[in-house]
Each structure stands twice: as C-alpha cells, then as structure tokens.
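Colleague: fold the following and give me the result.
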Amino acid sequence: MTETRSTLRVASLGLSVSGVLHILAFLVAGIAPITIAFVVVGALYCGLARGLRGGSYRVTIPVYLLMLLGSVASVGSMGSPPIPSWWWALILAADAVTAAALFGYLWRGREASAEDRAPA
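Modeller: Sure thing, here's the model as predicted:
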C-alpha cells in the first residue's frame with residue numbers, strides 16, 4: 001500500500017468517525033433541532049468518506065475545507081447546550097485527524113495521486 005493511499009484511508013476513517021459521532025449525537029443530547037441537523041451532516045460526512053476511500057482527488061479539497069470549518073465550529077460550540085463539550089471534543093479530534101491527513105495528501109500533490117491510480 002502506498003503512502004498516499006494510506007493517507008486517504010486515515011482521512012476516510014476520521015471522516016467516518018466524525019459522521020458517526022454526528023449521527024449519534026442524539027444519544028447524549030436527546031432529540032433537538034441541532035441533533036436532527038447533525039444526522040443530516042453525519043450522513044453527508046459518511047458519503048464523502050466513501051468518496052475518499054475511492055481515491056477521488058476531486059473530493060479531497062472540499063472535504064479538507066469542510067473539516068477546517070467543522071473544527072472551528074466544534075471549538076466555537078463547546079459548552080453550548082444540548083451537546084456536551086466532551087462530545088464536541090470527540091468531533092473536533094476526528095475532524096482534525098481528517099484535516100491533517102488531507103493536508104498531507106494535498107501537499108504531495110496530484111502527481112502522487114496519479115501514481116497511486118496506476119495499476120500495480
């Protein structure tokens with residue numbers, strides 16, 4: 001397995017974890033408008049994680065920007081009810097792992113990803 005494929009696998013896993021945490025937020029916060037929105041966001045994240053697993057370069061930049069935005073939103077929302085701060089911290093950790101992995105992938109550039117798509 002090449003380095004860029006493993007980087008995308010880490011990013012996909014982090015995004016999947018973030019998506020599941022979003023979907024399961026109702027377990028710690030109950031049914032509230034924000035948790036209903038979280039289910040939608042979580043489903044979107046899980047779909048984007050599938051795109052990352054497929055090695056789609058087109059998905060990486062929007063997901064990277066989305067994870068940066070999600071990280072800032074997580075920090076800004078800590079301490080606000082109904083979702084407890086520790087749940088926000090878990091989401092922040094998953095978003096940060098995803099963003100860091102995608103940064104590494106994007107830093108290597110499109111040429112490296114083209115090498116990975118070549119048949120072995």
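
Colleague: give the rounded mean pLDDT of the lengthiest helix in the chain.
Modeller: Identified as the longest helix of the chain according to DSSP state H is helix 85-108. For helix 85-108, mean pLDDT is 95.

Colleague: so what's the gap between that helix and the chain middle?
Modeller: Centre-to-centre, helix 85-108 and its host chain are 6 Å apart (Cα atoms, centre = their mean, to the nearest Å).

Colleague: in terms of secondary structure, what does that helix contact?
Modeller: The contact analysis (3 or more Cβ pairs under 8 Å, 6 or more residues apart in numbering; DSSP states H and E) places helix 85-108 against helix 3-23, helix 57-77. Where C-beta positions appear, they are placed from N, C-alpha and C, glycine not excepted.

Colleague: out of those helices, deepest packed?
Modeller: helix 3-23 (a mean of 21; mean count of other Cβ atoms under 10 Å).

Colleague: helices or strands next to it in the packing?
Modeller: Using 3+ Cβ pairs under 8 Å, 6+ apart: helix 3-23 touches helix 33-53, helix 57-77, helix 85-108, helix 110-117.

Colleague: and if we set it to 7 Å?
Modeller: helix 33-53, helix 85-108, helix 110-117 (3 or more Cβ pairs under 7 Å, 6 or more residues apart in numbering; DSSP states H and E).

Colleague: got the angle for it vs helix 33-53?
Modeller: The directions of helix 3-23 and helix 33-53 differ by 160 degrees, with axes from the mean of the first three to the mean of the last three Cα atoms, to 10 degrees as the criterion.

Colleague: now do the contacts for the residue nearest the centre of the chain.
Modeller: Using Cα atoms, centre = their mean, the residue of the chain that lies closest to the mean C-alpha position is residue 15, 2.7 Å off. Applying Cβ atoms under 7 Å, 6 or more residues apart in numbering, we find residue 15 in contact with 45, 48, 49, 52, 63, 98.

Colleague: and those residues, which is the shakiest by pLDDT?
Modeller: Out of those, that is residue 52, at 92.

Colleague: so how far is residue 60 from the closest residue to it other than its chain neighbours?
Modeller: Leaving aside its chain neighbours, residue 52 sits nearest to residue 12 (4.1 Å; criterion: Cβ to Cβ, 6 or more residues apart in numbering). From residue 12 over to residue 60 the distance is 10 Å, taken as Cβ to Cβ, to the nearest Å.
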